[in-house]
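A.B. asks: Fold the following and give me the result.
(chains A and B)
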Amino acid sequence: MIKLIRSEVLKIRSTQVWFWMLVLSAAFTALGTVGNTYNAVQDYQQGSPVDYYSVFTQSEGAAVALLVLGLLGLTTEFRHKTITPTLLATPNRWQLLAGKAASYAVFAIVYAVFCVALNFAIAIIWLSAEKVPLDYGHGVPGGVGKTFLSLVLTGMFGLGLGALLRNQAAAMVFGIVYFFVLDGLLSFVPWVRKGYPWTPGGAARAFTSNGSVSGLPDDVHLLAPVAGGLLFLAWSLGLLLIGGRISLSRDIS
Amino acid sequence: MTAPGQPAPGQPAGPGRPRGDGRIVVDNLTKVFGTQRAVDSLSFTVEPGSVTGFLGPNGAGKTTTLRMLLGLVRPTSGTATVNGVNYESLPRPLQTVGAALEAASFHPAHTGLQHLRIYCAAADLPARRADEVLELVGLTQAAKKKTKGYSMGMRQRLGLAGTLLGDPQVLILDEPANGLDPEGIRWLRGFFRHLAGEGRTILVSSHQLAEVQEVADRAVILNRGKLVRAGTLAELSAGTATTVVRGPALGPLQQALAAAGFGGTTEPDGALRVRTDQIAHVGHLAFTHGVELHELRLEEFDLERLFFSLTEGEHRAAALGPTGHLPTGSPGGPPTGSPGSLPAGVPGNRQGGAR
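C.D. replies: Okay, here's the model as predicted:
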């Protein structure tokens, strides 16, 4: 498995996609951190409680990067027909899928470390400059840990979705639009919004929250973080297994 | 390029080759796509230390067979094994089998070196092996160039380099000469000979029949998914010898040959093609019947002629113009210019069992 991970990591590193995704992750992380730190400073100056959890768990910006990398995992192989030499080197298709999932987990951790560091650096410098006391309680350590896990699962989710759809353009458009736009919109559509907590996006949002999420209609209640995490795990694993089953059981011709 | 004609594949930098006889065995292999039987009860064996040409017209089932052998396409029935096991069960596949199926299986943003290093990592080979095989195929200068800038010939060489990564015992190549220039083809010929001389098993699919005849010891010929002939070139050439006779008035000789039991055909230009290697006997008959000859020669075995005769219907159908007539000078036409002239001299088919 180690050799397979090395090979898959080399594949990703050999193109520039990982770098631009890292830049994008940094931009999203910085943007989120700036917004939440600004609010924290305002709250502190007005004597309101500071939401340290939101300030120090802004690394989810890397989710889009992991989703894209995951989506590219198999769709690129089919698009450029590199699936043939890949399967010649690793004929066991489930082993290949597991190797890809593991390699995206490696990238998820690297991205998470980078984004957490950026998140903390911006927040600490700004809060210190504004004389806001630093407080790493309020579930922050757990929130950071959940960010890591969430990114790993997002990579798996993208890989599974890519395996299911195979067509790279379709997978990219559908994956990004659904996960970052449509899924959120579902939470506001009458009749269907009560199902939102059970969607992949709702589950991921519940998982990375500290139990209270603002900006949702009153009749939409997210699952508890642990339940949300388990549901997101089920979505990611399920999609990976179904996508792998459908895509990799096909003849490569 | 390393010493054209006398390439040296080099030794693997990584762990040695897995043991095995290197024999490829295809047994009753069948693949059905929908209602079409792409491969139909195909059986043949490729022996170690030989170069075997895998021949057939487009759509004959060659690529499907190779893909089944490599575990990329699942057979409907039958088995295809290397060293007695199917490809998926090989403990170290790249160290056992090197395969190049298409010349465009590269990520365009990867350099040739990156492409090979990725598979070095997957096969647990040291990264320097990629540099070694690039040198072997003469691509060192282009090692750090992105594959999207490679010519067809360079892609073929990169594909060949990929097959050599694990210093495998068995090589399976699909149309490796496509896109190569004459020097490249000459190099490839020497390359095959050298590899076969090392006791490797080489199965090469090609439509460049003259090239196959130059390098192959054996041939497996498919048509419409079925085996039509398999064997050594000597076996395939048995009974196909032809004596060509030209002259201003060959009528008396033609009658004498028929009376002596020789079969043959008349070319559109009046030349006689006699199915025999007894050239002296034919010359004697001409002399005794007072026939003036302008040419009397023994035609050497021609794999291309045999191939076209065995797959004749396929090629004639493909070559038919919109009016249903065979175009003049069509490469798909029958080999002697006379439909159905040669098959009578070709040993019968051995479908479904060439071993």
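A.B. asks: which SS class is the residue of chain B positioned farthest from its centre?
C.D. replies: Using C-alpha atoms, centre = their mean, the residue of chain B lying farthest from its centre is residue B:290. It sits 44.2 Å away. Here residue B:290 takes the coil state, with states given by DSSP: H, G, I helix; E, B strand; the rest coil.
A.B. asks: any idea how far it is from residue B:251?
C.D. replies: Residue B:290 is 12 Å from residue B:251, where distance means C-beta to C-beta, to the nearest Å. (Glycine included, C-beta is placed from N, CA and C.)
A.B. asks: so what sits against both of those two?
C.D. replies: Contact criterion C-beta atoms under 8 Å, 6 or more residues apart in numbering or on different chains; no residue bridges residue B:290 and residue B:251 by contacting each.
A.B. asks: OK, contacts around the residue lying closest to residue A:128 once chain neighbours are set aside?
C.D. replies: With C-beta to C-beta, 6 or more residues apart in numbering or on different chains as the measure, residue A:134 is the residue that lies nearest to residue A:128, at 7.1 Å, once sequence neighbours are left out. Residue A:134 makes contact with A:124, A:127, A:128 under the criterion C-beta under 8 Å, 6+ apart.
A.B. asks: Going by distance to residue B:270, which of these wins?
C.D. replies: Set against residue B:270, the nearest of the contacts of residue A:134 by C-beta to C-beta is residue A:124 (98.4 Å).
A.B. asks: what about that closest one, helix or strand, and which?
C.D. replies: Applying DSSP states H and E as the criterion places residue A:124 in helix A:93-129.
A.B. asks: Contact partners for the closest residue to chain B within the stretch 101-250 of chain A?
C.D. replies: Chain B sits closest to residue A:249 of the stretch 101-250 of chain A, with a gap of 8.1 Å, by C-beta to the nearest C-beta. Residues touching residue A:249, when contacts are defined by C-beta under 8 Å, 6+ apart, comprise residue A:93.
A.B. asks: The same query, at a cut-off of 10 Å, please.
C.D. replies: Each residue near residue A:249 by C-beta atoms under 10 Å, 6 or more residues apart in numbering or on different chains is listed here: A:93, B:74.
A.B. asks: Spit out the contact partners of the most centrally placed residue in chain A.
C.D. replies: Against the mean C-alpha coordinate of chain A, by C-alpha atoms, centre = their mean, the closest residue is residue A:63 at 2.9 Å. Remark: with contacts taken as C-beta under 10 Å, 6+ apart, residue A:63 is in contact with A:25, A:28, A:108, A:111-112, A:115, A:147, A:150-151, A:153-155, A:157-158, A:179-180, A:204, A:208.
A.B. asks: In ChimeraX, how would I select the buried members of those?
C.D. replies: Command for ChimeraX, covering only those of those found buried under the criterion 16 or more other C-beta atoms under 10 Å in any protein chain shown:
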select /A:25,28,108,111,112,115,147,150,151,153,154,155,157,158,179,204,208
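A.B. asks: among the contacts of residue A:63, which are in helices?
C.D. replies: Among those, the subset assigned to helices under DSSP state H consists of A:25, A:28, A:108, A:111-112, A:115, A:147, A:150-151, A:153-155, A:157-158, A:204, A:208.
A.B. asks: now the angle from whichever strand or helix holds residue A:39 to helix A:93-129?
C.D. replies: Element membership for residue A:39, per DSSP H and E: helix A:17-45. Angular relation of helix A:17-45 and helix A:93-129 on a 0 to 180 degree scale: 40 degrees, by axes from the mean of the first three to the mean of the last three C-alpha atoms, to 10 degrees.
A.B. asks: then the next helix or strand after helix A:17-45 to PDB, C-alphas only?
C.D. replies: Tracing the chain C-terminally past helix A:17-45 and defining elements by DSSP H and E, one meets helix A:52-56 next. The C-alpha atoms that make up helix A:52-56 are tabulated as PDB, following Å, rounded to 0.1, in the frame of the first residue of the first chain:
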ATOM      1  CA  TYR A  52     -13.400  31.600  19.400                       C
ATOM      2  CA  TYR A  53     -14.600  28.400  17.700                       C
ATOM      3  CA  SER A  54     -15.400  30.200  14.500                       C
ATOM      4  CA  VAL A  55     -12.200  32.200  14.600                       C
ATOM      5  CA  PHE A  56      -9.900  29.200  14.900                       C
END
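A.B. asks: hmm, who's touching helix A:52-56?
C.D. replies: The set of residues that contact helix A:52-56 without belonging to it, under C-beta under 10 Å, 6+ apart, is A:32-33, A:35-41, A:116, A:119-120, A:122-124, A:126-127, A:132-144, A:147, A:209-212, A:214.
A.B. asks: What are the buried residues along it?
C.D. replies: Of the residues in helix A:52-56, those buried by neighbour count under the rule 16+ other C-beta under 10 Å are A:52, A:53, A:54, A:55, A:56.
A.B. asks: Could I get the average pLDDT for that helix?
C.D. replies: On average, the pLDDT along helix A:52-56 is 83.
A.B. asks: Could you check what's spatially nearest to the residue farthest from the centre of chain B, not counting adjacent residues?
C.D. replies: If the residues on either side of it in the chain are set aside, residue B:290 comes closest to residue B:252, at 7.3 Å by C-beta to C-beta, 6+ apart.
A.B. asks: And residue A:4, by the same measure?
C.D. replies: Distances taken as C-beta to C-beta, 6+ apart place residue A:99 nearest to residue A:4, at 3.2 Å, with adjacent residues excluded.
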